[in-house]
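S.K.: Provided below for reference: sequence and predicted model.
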Amino acid sequence: MSFRIQVTGSAQRAVEAAVPALVRERVASRITAGDATLWGDEAREEASRRLGWTEAVSVSRGLVPEILRVRDRLRAEGVDHIVLGGMGGSSLAPEVITRTARAPLTVLDSTAPSQVRSALDDRLSTTAVVISSKSGSTVETDSQRRVYEKAFTDAGIDPTSRMVFVTDPGSPMDRAARDGGYTVFNADPRVGGRYSALTAFGLVPSALAGADIEALLVEAEGVSVALAADADDNPGLVLGAAMAGAAGSGGNRRDKLGLVADGTPLVGFPDWAEQLIAESTGKHGTGILPVVLPATASELAQRPDDLQVVRFVRDAAEGAREDEITVSGGLGAQFLVWEYAVAIAGRLLGIDPFDQPDVESAKEATRGLLERRPEPAPAAFIAQTIAVRGTAGLLDGVHDLSGAIDSLLARLAPDGYVSVQAYLDRVNLPEVSGIRDVLAERTGRPVTFGWGPRFLHSTGQYHKGGPEQGVFLQLTQTSGADLRIPGIDFTFGELIQAQAEGDAGVLADHGRPVLTLTISDDARTGVRAVLDAAHGPAR
């Protein structure tokens, strides 16, 4: 079998407690058969439309020849650079697939003007673009489509020869792209975005960039029989039970899951698993919070009692560390095992793993801001050219940057977590992610880091629908070098600002404390100031 899992300590006890019942109830074989009753009456309608991922390997095999024909055509025409415009499930799986395969792919999963411009300025004459959106109406991908169509046209290149679309059949994008003469691949509409790694959404951009998608499907097929078996050693049952049921020393469920890449040949897999876990389980006040951790993370030394650790290693057969979950295996197998495991964890938690009831609220808030164009709320104060804003009461009596961060962290509960949300250019400002490690060391609590707006399609559901435990640090930027979106009356800069403000408003409506730090045009200086302030002593 191409997947191995080892569990110890609390995770092992959770497996021993839950898996025998899962086997008796034939949960694995019923998932494989498409039984939508497994998650209760309220989830039945949604689940009945979202179990196509169990058949993804067989369905996707029929797409492979046409995908490879398009790849060969583009190569023959001199294309040597593939850009993917997509968000969430449309971008995270291709990024993992291509990075693991060392196949170069530019992932444009942002509305930050400088990041969009960097992509546009990179080898346009030999570039092809994949635009991926399940709904066909995602605002980020529609904006990316528009800007690339104009760029190709302005350069004298026929966009229909350089742009490929991936979407559900009958979506607005599907109809418009086909009418415009573009190449279109349809994905299985019975598969939700975060479960779509082995569908056209994962395969098309990855193959065009040079990854071996046939081998990926073979890896997934190799574990499919074991995943369908009602057996105690079914890796999906074991992983699902370990995630959902592990308890700390006080007996409470460990509802934070540290995802650590520790010697695995898979590059970036925890980032894909983060969306699958958070968006599937974080709702109705419960869930599992995935926390992507470097192997040197302070959380691994301090080991909060509510944190369960999963290590991705080269060979789990060598055994797991004390009280951890250790997994290894090929990428295709990992995708399918984790999809089964999260669906099983949803059953154990009593939630529907296929809906995302709180994702739309941030989108609605963004649309409202773009329609009204209100003036930004005045800053509470300006510190080192950084405008500081906060939810009600957060900044009372605060006058400097360190004090603002202190005030946010003072709201952190003993079972809480910190979420850093950077609505910044992740290509040109990677150093900002260092604030995660600073705050984790300082607080002794799990800290998540997300690039905005991409995390809105990932952990955004958990932050609003999960337990009321988080405190939120937003980093945004004012940009004088904005970029217009062709055919739309707002810019990329206005869009990303509305996305940040909209999500902050929704978090505040849910009673979550939010500190927003808006950096001026000198981004690197602003980032250094924030990092310096974050080091300050906690109260």
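M.R.: Looks like it arrived, so ask away. Numbering: from 1, shown residues only.

S.K.: got the contact list for the nearest residue to V342 once chain neighbours are set aside?
M.R.: Of all residues not flanking V342 in the chain, S280 sits nearest, at 4.9 Å (C-beta to C-beta, 6 or more residues apart in numbering). Placement of C-beta: from N, CA and C, glycine included. Neighbouring residues of S280 by C-beta atoms under 8 Å, 6 or more residues apart in numbering: 194, 342-343, 345-346, 353-354.

S.K.: average pLDDT for the host helix or strand of S280?
M.R.: Per DSSP states H and E, S280 falls inside helix 269-281. Averaged over helix 269-281, pLDDT sits at 97.

S.K.: same thing with stretch 147-159?
M.R.: So the average pLDDT for stretch 147-159 ends up being 98.

S.K.: Do a quick rundown of the helices in the stretch 1-150 of the chain.
M.R.: In the stretch 1-150 of the chain, the segments counted as helices under DSSP state H, counting those that start in this stretch are 9-24, 27-32, 41-48, 56-61, 64-76, 89-101, 113-120, 139-154.

S.K.: Report the buried residues of the helix or strand harbouring E501.
M.R.: Following DSSP H and E, one finds E501 within helix 492-509. By neighbour count on 16 or more other C-beta atoms under 10 Å, the buried set for helix 492-509 is 492-508.

S.K.: Now do the least confident helix or strand in the chain by mean pLDDT: which elements does it pack against?
M.R.: Ranking every helix and strand in the chain by mean pLDDT, DSSP states H and E puts helix 359-372 at the bottom, with a mean of 86. Judged by 3 or more C-beta pairs under 8 Å, 6 or more residues apart in numbering; DSSP states H and E, helix 359-372 is in contact with helix 139-154, helix 460-465, helix 492-509.

S.K.: what's the neighbour count on P414?
M.R.: By the measure other C-beta atoms under 10 Å, the count of residues near P414 is 10.

S.K.: From V471, how far out is it?
M.R.: Using C-beta to C-beta, to the nearest Å, P414 is found at 13 Å from V471.

S.K.: cool, A440 as well?
M.R.: The spacing between A440 and V471, counted by C-beta to C-beta, is 13 Å.

S.K.: list residues touching both of the two?
M.R.: V418.

S.K.: Let me see the ranges of the helices in the stretch 151-300 of the chain.
M.R.: Under DSSP H, counting those that start in this stretch, the stretch 151-300 of the chain gives helices at 159-162, 172-179, 200-209, 213-228, 235-245, 269-281, 298-302.

S.K.: quick one on the thing from earlier: in its sheet, which strands sit next to the next helix or strand after the helix holding E501, and in what direction?
M.R.: For helix 492-509, the following helix or strand on the C-terminal side (DSSP H and E) is strand 514-519. Within its sheet, and counting by DSSP bridges, strand 514-519 is paired with strand 386-390 (antiparallel), strand 470-477 (parallel).

S.K.: With respect to E55, which of those strands lies nearest?
M.R.: For the strands paired with strand 514-519, the distance to E55 is smallest for strand 470-477, at 36.0 Å, taking C-beta to C-beta.

S.K.: In CSV, could you pull the C-alpha coordinates for that closest one?
M.R.: Output in CSV follows, covering the C-alpha atoms of strand 470-477 (Å, rounded to 0.1, in the frame of the first residue of the first chain):
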residue,chain,number,x,y,z
GLY,A,470,-9.3,33.2,17.9
VAL,A,471,-7.8,36.7,18.0
PHE,A,472,-7.0,38.2,14.6
LEU,A,473,-4.1,40.3,13.3
GLN,A,474,-4.8,41.8,9.9
LEU,A,475,-2.0,43.2,7.8
THR,A,476,-3.0,45.4,4.8
GLN,A,477,-1.2,47.9,2.6
